[in-house]
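S.K.: sequence first, then the predicted structure, then my questions.
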Amino acid sequence: MRIFDAHCDVLSKLLANSELDFVNEASKLDVTLERIRESGISVQNFAIYLSDKWPTEFRYVLECVDLFLRHIVSQGRLDFIRSREDLLRVAATERCGALLSLEGVDALQGNLAYLRILFELGVRSIGITWNDANWAADGVLEGRGSGFTAKGRSLVQACNRLNMILDASHLSERGFWELMELSDKPFIASHSNATQISPVLRNLRNEQIASLIKKGGVMGITFVPPFVQTEEPVTMDKLLLHLDHVCSLGGSRHVGFGSDFDGMDRWLIGLEHAGKYAGLIDLLLKYYREEDVEHFIYKNWYNFYYEHLPGATMDLEAGH
């Protein structure tokens, strides 16, 4: 069964140590080429995330793009997905594809030329904030709980013009509702869970989930243990509580997975790295119809990206 994972942080680890081996570094990376192939991951989204170890300078974002090109898609390892035609080619073969995203626009420094450069380089989704505030909006842990700035509203408009997918994971609740009004297009929450099940600020409230579904977006259930359950131990089966809850809100065709592998220092018992996705599929098949499992694990994300990725030529030129 094909798998579409909407978020991992391999590039952050490669930036910290470019000597790491994506091909087979099982001791230091959750996601490796070997584990992708072992699990049958068809599409993996790689996020560019600069922790506070790095200055908020655009050159470090470009270094991550370079790492992606040299480590992830070089030598035919994974196929770089930049258009719906690329996505179709991956779907039609046994090969694996890689998407490139940006998590937090801090290093763009309010310069929309940098946004357009990243689009030309193949970045196809933008997470507006991490947990803190930046020039565009407040993150979910920013105490004042504000929304978008004037420059942030311009960013949303520019992303809509470019066909750059917007990602609300980490965005403040007020920012989420403002994005709902500002964006002409559906957006995603690539790695967020349900507050109803695990009451942490990073998760989404019922009203947010329902509105995301109504707008045509997709929510990626993440594997970070506290977002799944606040009490230890946290086992893989607890993911089903979030999946059931999103489905109960009408989201059976608007939910997938965004693991956040390589972005956590604790793991779900039974789902410690990308090579263990098969166990999750087996678990899902015990409780859901095979057709639904295929949508949860792959088709919901695939359908969204097929609809919202640009075409190979016409749509790319239209973004200028």
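M.R.: Perfect, thanks for sending it.

S.K.: mind jotting down where the helices sit in this protein?
M.R.: 10-16, 33-39, 58-67, 84-91, 112-121, 150-162, 173-182, 206-215, 225-228, 239-248, 277-287, 290-294, 300-308, 314-318 (DSSP state H).

S.K.: out of these, nearest to Gly76?
M.R.: Within these, the stretch nearest Gly76 is helix 33-39; the backing value is 10.8 Å (CB to CB). No exception for glycine: its C-beta is placed from N, CA and C like everyone else's.

S.K.: show me what counts as buried in the closest one.
M.R.: 33-37, 39 (16 or more other CB atoms under 10 Å).

S.K.: check stretch 107-118 too.
M.R.: Residues 107-108, 110, 114-118 are the ones in stretch 107-118 that count as buried (16+ other CB under 10 Å).

S.K.: from the residues you listed, pick the one nearest Ile269.
M.R.: If you rank these by distance to Ile269 using CB to CB, Ala107 comes first, at 35.5 Å.

S.K.: just checking, that closest one touches Val61?
M.R.: Yes: with contacts counted by CB atoms under 8 Å, Ala107 reaches Val61, the gap being 4.9 Å.

S.K.: and for those two, which residues touch both?
M.R.: Taking CB atoms under 8 Å, 6 or more residues apart in numbering as the criterion, Ala107 and Val61 both touch 50, 114.

S.K.: pLDDT weak spots in the stretch 151-300 of the chain?
M.R.: The stretch 151-300 of the chain contains no residues with pLDDT under 70.

S.K.: for stretch 200-211, which outside residues touch it?
M.R.: 131, 140-141, 169-170, 173, 176-177, 180, 189, 192-197, 212, 219, 226-227, 230, 246, 249-251.

S.K.: can you flag the buried ones in the residues you listed?
M.R.: 140, 169-170, 173, 176-177, 180, 189, 192-197, 212, 219, 226-227, 246, 249, 251.

S.K.: on that earlier part again, return the member of the buried residues of helix 33-39 nearest to Glu103.
M.R.: Ile36 (19.8 Å).

S.K.: how far does stretch 179-196 stretch from one end to the other?
M.R.: One end of stretch 179-196 sits 22 Å from the other (CA to CA, to the nearest Å).

S.K.: mind putting the helices of the chain into JSON lines with distance to Gly97?
M.R.: Formatted as JSON lines, the helices of the chain follow (distance: least, CB to CB, whole Å):
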{"stretch": "helix 10-16", "distance to Gly97": "15"}
{"stretch": "helix 33-39", "distance to Gly97": "10"}
{"stretch": "helix 58-67", "distance to Gly97": "17"}
{"stretch": "helix 84-91", "distance to Gly97": "4"}
{"stretch": "helix 112-121", "distance to Gly97": "17"}
{"stretch": "helix 150-162", "distance to Gly97": "20"}
{"stretch": "helix 173-182", "distance to Gly97": "27"}
{"stretch": "helix 206-215", "distance to Gly97": "24"}
{"stretch": "helix 225-228", "distance to Gly97": "26"}
{"stretch": "helix 239-248", "distance to Gly97": "24"}
{"stretch": "helix 277-287", "distance to Gly97": "16"}
{"stretch": "helix 290-294", "distance to Gly97": "17"}
{"stretch": "helix 300-308", "distance to Gly97": "10"}
{"stretch": "helix 314-318", "distance to Gly97": "18"}
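
S.K.: so which of the ones you listed is nearest Ser51?
M.R.: Going by CB to CB, the one of the helices of the chain nearest Ser51 is helix 10-16, 6.5 Å.

S.K.: give me the helices and strands touching the closest one, please.
M.R.: Helices and strands touching helix 10-16, by 3 or more CB pairs under 8 Å, 6 or more residues apart in numbering; DSSP states H and E, are strand 41-48, helix 58-67.

S.K.: tell me which of those lies nearest to Leu309.
M.R.: Closest to Leu309 of the helices and strands packed on helix 10-16, according to CB to CB: strand 41-48, at 11.2 Å.

S.K.: now do the closest one against helix 300-308, angle only.
M.R.: 70 degrees (axes from the mean of the first three to the mean of the last three CA atoms, to 10 degrees).

S.K.: and stretch 154-167, what's buried?
M.R.: Using 16+ other CB under 10 Å as the test for burial, stretch 154-167 gives 154-156, 158-160, 162-167.

S.K.: so how far is stretch 169-184 off the chain centroid?
M.R.: Computed by CA atoms, centre = their mean, to the nearest Å, the chain-centroid distance of stretch 169-184 equals 16 Å.
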